[in-house]
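**Q** Below are the sequence and a predicted model for it; my questions follow.
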Amino acid sequence: MNDNPNLEKRIKRHLWGQKFPLEVLTDSAFLPETLEELKSLGYKNWEEGDWGIRGIGSFHDLYRLNIQLSTPGRIVLEVARFKAGAREQLFRRARALPWELWFGRPEGLIFDIRTHFHGALIHHEGQGKQALDEAIRARLEEFWGSASDSLRVIPGPRTQRIYLDISGSNVLLFLDTSGDHLGKRGYRLAPGPAPLAENRAAAIIRKLARIQPDPQWILDGMTGSGTFAFESSLFFQGLSVGGGRDFAFSQWPSYRESTKNYWSRQRIEPNVRVGQNEKVKVIANDRDDRSLGAAKMNLDQFRSRFCTGGREPRFVKGDFFSLSSKADEFIGPGWVFLNPPYDYRISGSLDQFANKLTRWIETSGLEGTLVLLLPQNRIVEKFSSIPRVFDDLVFNHGGRGVNLLGLSLK
């Protein structure tokens, strides 16, 4: 809440009282999962837009989407669209926008301006960035210089990402509302080598849940930092994944902590979730002491950020290939997630590893689905004889293409 009554009235009327075009930025490979997740929360008419999945929403929606969506990377808000064929026009049109409603004082405020120019009449992206930065600062300095010194000052440096998109003379301005990537839930203090982003793991979980919605158990084999185990626990308990972190909008003068706290406390009801089994057992396995220690450190942070009621992943030490249906934990159909540390701890060649895993699939006796991440296309052929539960998928992970396979067990 802001201390300036006139500014507060304008914020209430022009921001909280309005709806804005919002875009949910997500990996193209997992677009169906994000669309399905949006629909499960009641956002049924959203569709692909200029930057991601586009819809119209209020500030309440903006808070809810950041806090409850598990699969995207960012939520951006279209703040303006206008025409500008030269740097001077861009400066003039941008300076006329009411930036004081969006940002606090300019001191310590850093603008991270990301550009996307295609056929732009303003040919130099650097000039476009500079013009936008100068325009916003000129507007803020004019307003705050004449405003009361009693206004709330947000201490310390803070960064606001802005997207500047110019096609010909058409200018689009988007504000990042998320801040840190939405995959950063806050529980993974010890990430381990080349960890899978949390939002990608969540998308893979949702993908599998549409096909096999009620596993009796979940195994995160070769768990590393525990990402699949933690995201499975959040998913089946219906917890708001962003409830334990801050966002870019937390730094805005329009910020309402009560609204953030409301959506952080809300559980996603089972009747709108794909997965129904809230008491599913989540087990994470690794033979490496260092990886298991990192995962348990993350578990402590997970407990502090999310109210799990004691239903949380169980981490055990052991060799994945020694696990079988003889264990009491693995009765009935379940899910196995396997993201092996190919470049770090896999002994022998990838071909040898693939042969060993194929034999395990054939002999383990486990029932359900194995989701496998593979780094190279040629290794996929090693699993050609194993039935699929969904079509093979390739997505980008750390600058490399990763194959995602859904393999049927039994």
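**A** Structure received.
**Q** contacts and neighbour counts: CA atoms only from here.
**A** OK.
**Q** shaky segments in the stretch 151-300 of the chain?
**A** 151-156, 193-194, 269-278 (pLDDT under 70).
**Q** mind listing the helices for it?
**A** 198-211, 227-237, 257-265, 289-305 (DSSP state H, counting those that start in this stretch).
**Q** Also the stretch 301-410 of the chain?
**A** 350-363, 377-380.
**Q** average pLDDT across the longest one?
**A** Across helix 350-363, pLDDT averages out at 90.
**Q** The nearest residue to Ile136 once chain neighbours are set aside and Phe103, how far apart?
**A** Spatial nearest neighbour of Ile136, excluding adjacent residues (CA to CA, 6 or more residues apart in numbering): Arg95 at 5.8 Å. For Arg95, the distance to Phe103 (CA to CA, to the nearest Å) stands at 14 Å.
**Q** same check, this time on Leu405
**A** Distance from Leu405 to Phe103, by CA to CA: 45 Å.
**Q** got it, and Leu164?
**A** 17 Å.
**Q** Neighbour count: Leu405 and Phe103, which is higher?
**A** More crowded of Leu405 and Phe103, by other CA atoms under 10 Å: Leu405, with 22 against 18.
**Q** how near is the more buried one to Leu65?
**A** Leu405 sits at a distance of 29 Å from Leu65 (criterion: CA to CA).
**Q** tell me the contacts of Gly17?
**A** Ser58 (CA atoms under 8 Å, 6 or more residues apart in numbering).
**Q** likewise Lys39?
**A** Taking CA under 8 Å, 6+ apart as the test, what Lys39 contacts is Asn45.
**Q** What's the mean pLDDT across the helix or strand hosting it?
**A** Element membership of Lys39 [criterion: DSSP states H and E] is helix 31-40. The predicted model gives helix 31-40 an average pLDDT of 94.
**Q** Pairing partners for the helix or strand just after that helix, with directions?
**A** Per DSSP H and E, helix 31-40 leads on to strand 47-48 as the next helix or strand towards the C-terminus. When pairs are called by DSSP bridges, strand 47-48 turns out to pair with strand 53-57 (antiparallel).
**Q** which other residues reach the strand it pairs with?
**A** 19-26, 35, 45-48.
**Q** one more time with 10 Å
**A** 18-26, 31, 34-35, 38, 43-49, 62, 65, 72, 75-78 (CA atoms under 10 Å, 6 or more residues apart in numbering).
**Q** Among the residues you listed, the buried ones, what's the PyMOL command?
**A** For the buried members of the contacts of strand 53-57, the matching PyMOL selection, counting by 16 or more other CA atoms under 10 Å, is:
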select buried, resi 20+21+22+23+24+25+26+31+34+35+38+43+46+62+65+72+75+76+77+78
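**Q** thinking again about what came up before, quick one: the helix holding Lys39 to strand 53-57, angle?
**A** Orientation of helix 31-40 against strand 53-57 (axes from the mean of the first three to the mean of the last three CA atoms, to 10 degrees) gives an angle of 20 degrees.
**Q** Which parts of the stretch 251-400 of the chain are strands?
**A** Using DSSP state E, counting those that start in this stretch, the strands of the stretch 251-400 of the chain run over 281-286, 314-317, 333-338, 367-374, 388-397, 400-409.
**Q** can you pull the contacts of Thr159?
**A** Thr159 touches 108-112, 179, 248, 251, counting by CA under 10 Å, 6+ apart.
**Q** what about it, distance to Ser178?
**A** To Ser178, Thr159 is 11 Å away according to CA to CA.
**Q** Can you check which residues contact both of the two?
**A** In contact with both Thr159 and Ser178: Ala248, using CA under 10 Å, 6+ apart.
**Q** From Arg13, how far off is Asp392?
**A** 49 Å.
**Q** what do you get for Pro106?
**A** 23 Å.
**Q** which one of these two has more residues nearby?
**A** More crowded of Pro106 and Arg13, by other CA under 10 Å: Pro106, with 19 against 11.
**Q** Hmm, the more buried one is touching Asp133, no?
**A** No: counting by CA atoms under 10 Å, Pro106 sits too far from Asp133 to count as a contact (11.1 Å).
**Q** Roughly how far does Asp61 sit from Ile386?
**A** Distance from Asp61 to Ile386, by CA to CA: 43 Å.
**Q** What of Glu100?
**A** For Glu100, the distance to Ile386 - CA to CA - is 59 Å.
**Q** Please identify which of those two sits among more neighbours.
**A** Between Glu100 and Ile386, Glu100 has the larger neighbour count (other CA under 10 Å), namely 22 against 15.
**Q** Not counting sequence-adjacent ones, nearest residue to the more buried one?
**A** Per CA to CA, 6+ apart, closest to Glu100 is Leu140, 5.8 Å.
**Q** what residues are up against the one you found?
**A** Leu140 neighbours (CA under 10 Å, 6+ apart): 95, 98-107, 134.
**Q** repeat that with 8 Å
**A** Contact analysis of Leu140 by CA under 8 Å, 6+ apart lists 99-100, 105-106.
**Q** go on, Phe228?
**A** So Phe228 contacts 198, 201-202, 220, 337 (CA under 8 Å, 6+ apart).
**Q** Mind doing that once more with 7 Å?
**A** Contacts of Phe228 were listed using CA atoms under 7 Å, 6 or more residues apart in numbering, and they are 201, 220, 337.
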